[in-house]
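Asker: Turn this into a structure:
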Amino acid sequence: MPGDNDRLHWWQTRWFVALAAFVAIIPLLKPEIPPLVDLPGHLGRYRVQLDMHQVPWLGEWYNFSWQLIGNLGIDILIIPLAKLVGLEMAVKLIVITIPALTVTGFLWIAREVHGRIPATALFALPIAYSYPFHFGFVNFALAMALALNMFALWLRLARLGRFRLRAAIFIPLSCALWICHTFGWGVLGVLAFSAEMVRQHDKGHRWLNAWVRAGLGCLPLALPMVLMVMWRSGHHVGGETGDWFNWRAKIMWLTMVLKDRWQLFDIASGAILYLILFKGFRDPTIEYSRNLGLSALFLLAVFILLPRIVFGSAYADMRLAPFMIGIALIALRPRRGVPIRHAATLALLGLSFFLVRMGATTVSFWMFDRTYERELKALDHIPVGAKMVSFVGTECRPSWFMTRLEHLPAIALVRKLAYTNDQWSMAGAQLLTTRYAPARNFAHDASQIVTEKYCRGEWWRTISLSLARFPRDAFDYVWLIQPPPYDPKYNAGLVEVWRDGTSVLFRVDHKVTPPPVPLFPEEIRALEIRARRQALERLRALGGTASPLPATPGPTPLPAAPAPGNARPPS
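Answerer: Numbers count the residues shown, from 1 in each chain. Below is the predicted model of the structure:
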């Protein structure tokens, strides 16, 4: 008769893995549009991509050009799927697969490394809804979910000794993963390399020799490096890389691993993850796998070395944090000889933690969905093909709660084929750029984000400045989504056609010329800075010297590179 430690327990069975994957998609079943911050903006880009040649005015507003970049996951997948079920449903179905694949990836890796799924692995499952996923980095999140499952396959083929087959399979798989999102390919490389190092060391090679052999073993993953060089060497490519070793931000990302709606609940949930990791060092009944432990240490090193902005895309290090913690969690396992009752208790606690987080996320998404439904009623009052400028209210000091409204105007592009000013526009970072010249400085992200007062260090304009300065001849409608308070005098020449609370839709009356408005303080500041720069340039042209100008107090790229214009490129 097999003993308790020889048979599979409920958390180690295939049916449990399938059930956990299903539970992970429950929060996304109800919302018509998954309430992820950047996702509506991505939907707008997909609409242009699919209908560019059928809707002539889209080509007047946007330029869409296919090119090989490491950020094309859903952009490619929606082409066949949208023909079958429509754009919005296609995107929803793809997004639903992301948390399910994340859950199966974590559990499969744990199974391959430990032989059985350890009870502690269940605590990693809520990371399927980590902060980067809530932010709407959907290509990134899809690539990471795929990378976890590919790493599990890499481990399985090594366990079976199928190294030639592994090499043949992973040459195309690594290229496909890079095309989905570069970050996923990079993480797969780190995980595979660390696993190979441990495997080579266990075969009797010294660590330095194991390092070299691991590099040779990972050569099937290296072809995307050629694709990377081709992508980043184009003359049109933009986007800075910077903000290294921002320790304050890195520590903040570690507290925001499960950030969603309720700050105390989310921070407490994150604390549970760290408590489990700490327990692995202190509890004599639990130990760390050398294989995954080394992988977690490698990811920690990458997290420390990674700047906050890469190729103009912000939050690069933040994206890695949840997966680094997830790998560390699944590295834990009970020591040999530990009674199964102890493991079963841990499994029940882990399952309870997972179910509570999924329940809270379901409620949170239902609440966001109701907000979306209420705000999107404004679209019933605009015609197809309208030219609309939108202003979405936010605060200078970001709160834990994110409204998920920053890119909601893009749904007007999706459903009404209307112009919206929230699309990202950075050559080489995504396939779409804006070309509607009459919109001037209100053509793209982050012109849609407005505040009550000027925010030092941000691109955002105040609501008053935006209403006073947007080019009225370029737009037919103005959509305010939960704007901050402002003086109604700036509504001159705007005819209200719909309202719900503070959100309002105006039609621009082109027959009315609004009264002139004096320069705003931030405009005066910008003119002074420009004048000083021009004077310095003239002095240098005449051969003079001058001390460098003080740092510009004006805005810097949105949040740290709007990478969400420099805005955060779609991910």
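
Asker: so where's the stretch 301-450 of the chain uncertain?
Answerer: Within the stretch 301-450 of the chain, the stretches with pLDDT under 70 are 311-313, 337, 428.

Asker: which residues in it form strands?
Answerer: Along the stretch 301-450 of the chain, counting by DSSP state E, counting those that start in this stretch, strands occupy 309-310, 313-314, 332-334, 388-393, 432-434, 449-451.

Asker: Show the pLDDT at the most centrally placed residue in the chain.
Answerer: In the chain, the residue lying closest to the centroid (C-alpha atoms, centre = their mean) is residue 137, at 2.1 Å. On pLDDT, residue 137 comes in at 94.

Asker: Need phi/psi at it.
Answerer: With angles defined as degrees, to the nearest 10, residue 137 sits at phi -80, psi 70.

Asker: tell me the contacts of the residue nearest to residue 374 when sequence neighbours are not counted?
Answerer: Excluding the flanking residues, the one nearest residue 374 by C-beta to C-beta, 6 or more residues apart in numbering is residue 500, at 5.8 Å. Using the backbone N, CA and C atoms, a C-beta is placed for each residue, glycine as well. By C-beta atoms under 8 Å, 6 or more residues apart in numbering, the contact set of residue 500 is 374-375, 377-378.

Asker: Quick one: residues contacting the residue nearest to residue 403 when sequence neighbours are not counted.
Answerer: The spatial neighbour of residue 403 that comes closest, neighbours along the chain excluded (C-beta to C-beta, 6+ apart), is residue 482 at 6.9 Å. Under the criterion of C-beta under 8 Å, 6+ apart, the neighbours of residue 482 are 375, 392-393, 403, 405, 501-503.

Asker: circling back to that earlier point, tell me the two of the contacts of residue 500 that are most distant?
Answerer: Using C-beta to C-beta, those span at most 9.3 Å, a distance reached by 374 and 378.

Asker: of the two, who's got more company?
Answerer: When residue 374 and residue 378 are compared for neighbours, residue 378 comes out ahead with 25 against 12, by other C-beta atoms under 10 Å.

Asker: show me what contacts that one?
Answerer: Per C-beta under 8 Å, 6+ apart, neighbours of residue 378: 479, 498, 500, 503, 505.

Asker: and it, how far is that from residue 132?
Answerer: Taking C-beta to C-beta, to the nearest Å as the measure, residue 378 falls 29 Å from residue 132.

Asker: Tell me which of the strands of the stretch 301-450 of the chain sits nearest to residue 32.
Answerer: strand 388-393 (19.3 Å).

Asker: who's in contact with the closest one?
Answerer: 382, 405-406, 408-409, 412, 418-422, 439, 442, 447-452, 463, 466-467, 470, 474-484, 502.

Asker: Let's see it as PDB, backbone CA atoms only.
Answerer: Output of strand 388-393 as PDB, limited to C-alpha atoms (Å, rounded to 0.1, in the frame of the first residue of the first chain):
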ATOM      1  CA  MET A 388     -13.500  64.500 -30.300                       C
ATOM      2  CA  VAL A 389     -11.100  65.700 -27.700                       C
ATOM      3  CA  SER A 390     -11.400  64.200 -24.200                       C
ATOM      4  CA  PHE A 391     -10.200  65.200 -20.800                       C
ATOM      5  CA  VAL A 392     -10.000  62.700 -18.000                       C
ATOM      6  CA  GLY A 393      -9.500  64.000 -14.400                       C
END
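
Asker: starting at the chain centroid, how far to it?
Answerer: Relative to its parent chain, strand 388-393 has a centroid offset of 22 Å by C-alpha atoms, centre = their mean, to the nearest Å.
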